[in-house]
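Student: give me the fold of what follows.
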Amino acid sequence: MIAKTRELNHRCTFSELEQIDLSTSSTKSRYLLSIQTELSTFPKLTFYNLSNTGQSEIAKEFKIWWRFFPEMKLLDLSYNFISTIDLDPSAYTWSSFKIKIDLRHNNITELSQEDLELLGSLPNVNVDIRHNPIHCECSDHMIEVLEIINDDTKWEAMGLHRYDYLKNMTCNLPDILKGRKLSEITKSDISCPMFSASSPAPIIVLSICIVILIVIIILLTKFRKEIFILTYTRFHIILPCQPAEVSENKTYDAFVSYSSQDEEWVSKTFKELEASSQSEGYHQFRFCLHHRDFIPGKTIFDNVIDSVESSRHTVIILSKHFLQSHYCMYEFHEAFQQSIIERKRHMVVVLMENIPEGELPTDLKRCLKTFTYIRRDDSIFKDRLIFAMSHKGRKETKSISTNTSSNCIDNPVFSSSEKDVTLRLETSRPRHDDSVITLSQIVPDLVVGRNESKSNGYTLA
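Tutor: Coordinates of the predicted model:
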């Protein structure tokens, strides 16, 4: 039908028609205006009413109304569903044609700076958009509109004096601003997020967050062992990746091997650990100290052997005084052998001072490269020591083999200077004579003295 209508050879001039009222009807074809104006003119039409007809946009024929309705004074598009002020900016060139476009009671929810600039640039057009449901929610457009409305100088400069009614238009949303005039609202009244969509701030914040996350990951990776230690000693939290431990019934938590020159520091430090372990909720430590726990009547060697075997760990207090003591070196070798027998890190070394590598015996030098050691001047020295001697993780009960073929069981590192080296002794590898450590090599003067004592019928205590 429409195609056939367009094929009609006609040209109409409605020279006496002044008004067209097609209001209150939603059954009209969307092509009505196109057909109506094709090859037709309305030289005297002053009023066109399409109110309440379900229009969702301004028809293109009305955007350039001067071509078809040169005398039109009022275009009524009220009570429709039009959501944008969509006019042809070139209308300003036709300043002799003045028209009022009624867009009241439509669905215009948002105003922008571009809309105000368009209205101000068309002196021959007066657009009425009152009674539209304006949304005063935060947006860049709303912030720009509020700044223009509240700046009288800018308002006049944009030619908006004809639109002072806009200042009295009220907000429909959000509820907190419903009914308030636009002129009464400031930027601080609308609930804006911290940053607008066009702001570079979100990118900056995101970049900072990513950098912080990377730094945290690096720190967690670098100090993961310290984190293991501090979460256990300070917060009593056992992190999930702890290795299984052997549950052993030993008399002491640690046998402390030290030189008599270091006795004052040892006594003070380990007695404090025994006292604080109970008050702070740890397993209560019990240490074997020479001056307190050696059994009178036993030889020094038997006391050392029994103490090492009945302790979960042996703590070596390594100082220059320690290296000069035959008894201390004997205790060190016993603890070293016990580590091999128990197939775990039995020995914990506390480095009291810097000792040149050349002053260390070969076995002790090898031990420091194999076993974890803790420096006395470490800022978390006590935490490392507590962690080294405490039961952690899942506990397993298993028999302890005396087979010397073993791998040292590794624990989390307790010192930044540790070298991750695992001691491996293979029973299939023949032992050389020079690797067999005898008692006479460690304490030759004591062995001679002990043999002489036995020949004289008494025991060296």
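Student: and the strands in the stretch 201-350 of the chain?
Tutor: 245-246, 252-257, 287-288, 311-318, 347-351 (DSSP state E, counting those that start in this stretch).
Student: mean neighbour count, mean pLDDT and distance to residue 270 added to the ones you listed, as JSON lines?
Tutor: (Each C-beta comes from the backbone N, C-alpha and C, glycine too.) Listed next are these as JSON lines, based on neighbours: other C-beta atoms under 10 Å; pLDDT from 0 to 100; distance: least, C-beta to C-beta, whole Å:
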{"stretch": "strand 245-246", "mean neighbour count": "17", "mean pLDDT": "56", "distance to residue 270": "22"}
{"stretch": "strand 252-257", "mean neighbour count": "25", "mean pLDDT": "88", "distance to residue 270": "6"}
{"stretch": "strand 287-288", "mean neighbour count": "22", "mean pLDDT": "88", "distance to residue 270": "5"}
{"stretch": "strand 311-318", "mean neighbour count": "24", "mean pLDDT": "88", "distance to residue 270": "8"}
{"stretch": "strand 347-351", "mean neighbour count": "24", "mean pLDDT": "87", "distance to residue 270": "10"}
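Student: so can I have a markdown table of those showing distance to residue 144?
Tutor: Output for these, formatted as a markdown table (distance: least, C-beta to C-beta, whole Å):
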| stretch | distance to residue 144 |
| --- | --- |
| strand 245-246 | 67 |
| strand 252-257 | 73 |
| strand 287-288 | 75 |
| strand 311-318 | 73 |
| strand 347-351 | 69 |
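Student: indicate which one of these is closest to residue 157.
Tutor: strand 347-351 (79.6 Å; C-beta to C-beta).
Student: just name whatever secondary elements the helix or strand following that closest one is in contact with.
Tutor: The helix or strand immediately downstream of strand 347-351 is helix 362-370, counting by DSSP states H and E. Other elements packing on helix 362-370 under the criterion 3 or more C-beta pairs under 8 Å, 6 or more residues apart in numbering; DSSP states H and E are helix 326-342, strand 347-351.
Student: shouldn't residue 368 be in contact with residue 360?
Tutor: Yes. Counting by C-beta atoms under 8 Å, residue 360 is a contact partner of residue 368 at 7.2 Å.
Student: show the pLDDT at residue 218.
Tutor: Per-residue pLDDT puts residue 218 at 93.
Student: check contacts around it.
Tutor: Shown in contact with residue 218 (C-beta atoms under 8 Å, 6 or more residues apart in numbering): no residues.
Student: quick one on the thing from earlier: which one of the strands of the stretch 201-350 of the chain lies nearest to residue 230?
Tutor: Closest to residue 230 of the strands of the stretch 201-350 of the chain is strand 347-351 (C-beta to C-beta; 17.9 Å).
Student: the closest one pairs with which strands?
Tutor: Strand 347-351 has its sheet partners listed here by DSSP bridges as strand 311-318 (parallel), strand 373-375 (parallel).
Student: so which of those gets nearest residue 249?
Tutor: strand 311-318 (9.7 Å).
Student: so that closest one versus helix 362-370, what angle?
Tutor: 110 degrees (axes from the mean of the first three to the mean of the last three C-alpha atoms, to 10 degrees).
Student: run the angle between strand 311-318 and helix 326-342 for me.
Tutor: 140 degrees.
Student: can you list contacts of strand 311-318?
Tutor: Contacts for strand 311-318 (C-beta under 8 Å, 6+ apart): 248, 250-259, 262, 266, 287-288, 308, 322, 331-332, 334-335, 338, 346-352, 355, 364, 373, 385, 388-389.
Student: where in this protein is pLDDT low?
Tutor: 1-10, 92-96, 191-199, 240-248, 277-283, 343-344, 371-372, 391-461 (pLDDT under 70).
Student: how is it carved up into domains?
Tutor: 2-132, 228-456 (automatic domain parsing).
Student: Serialize those domains to a markdown table and add fields for distance to residue 166.
Tutor: Listed next are these as a markdown table, based on distance: least, C-beta to C-beta, whole Å:
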| stretch | distance to residue 166 |
| --- | --- |
| domain 2-132 | 8 |
| domain 228-456 | 62 |
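Student: now for the ones you listed, which one comes closest to residue 158?
Tutor: Proximity to residue 158 (C-beta to C-beta) singles out domain 2-132 among the domains of the chain, at 4.2 Å.
Student: and residue 368 and residue 360? which has more neighbours close in?
Tutor: residue 368 (21 against 15; other C-beta atoms under 10 Å).
Student: let me see the contact set for the more buried one.
Tutor: By C-beta under 8 Å, 6+ apart, the neighbours of residue 368 are 349, 360.
Student: so how many other residues sit close to residue 213?
Tutor: The tally of other residues near residue 213 (other C-beta under 10 Å) stands at 10.
Student: hang on, the earlier thing: ok, which of the strands paired with strand 347-351 comes nearest residue 80?
Tutor: The closest of the strands paired with strand 347-351 to residue 80 is strand 373-375. By C-beta to C-beta, the value is 82.9 Å.
Student: okay, now the closest residue to residue 113 other than its chain neighbours: neighbour count?
Tutor: Of all residues not flanking residue 113 in the chain, residue 144 sits nearest, at 4.2 Å (C-beta to C-beta, 6 or more residues apart in numbering). Residue 144 is flanked by 15 other residues according to other C-beta under 10 Å.
Student: name the helix or strand for residue 144, please.
Tutor: In the assignment (DSSP H and E), residue 144 maps to helix 140-149.
Student: now for whatever helix or strand comes next after that helix, which elements pack on it?
Tutor: Proceeding N to C from helix 140-149, the next assigned helix or strand is helix 152-157, under DSSP H and E. Judged by 3+ C-beta pairs under 8 Å, 6+ apart, helix 152-157 is in contact with helix 140-149.
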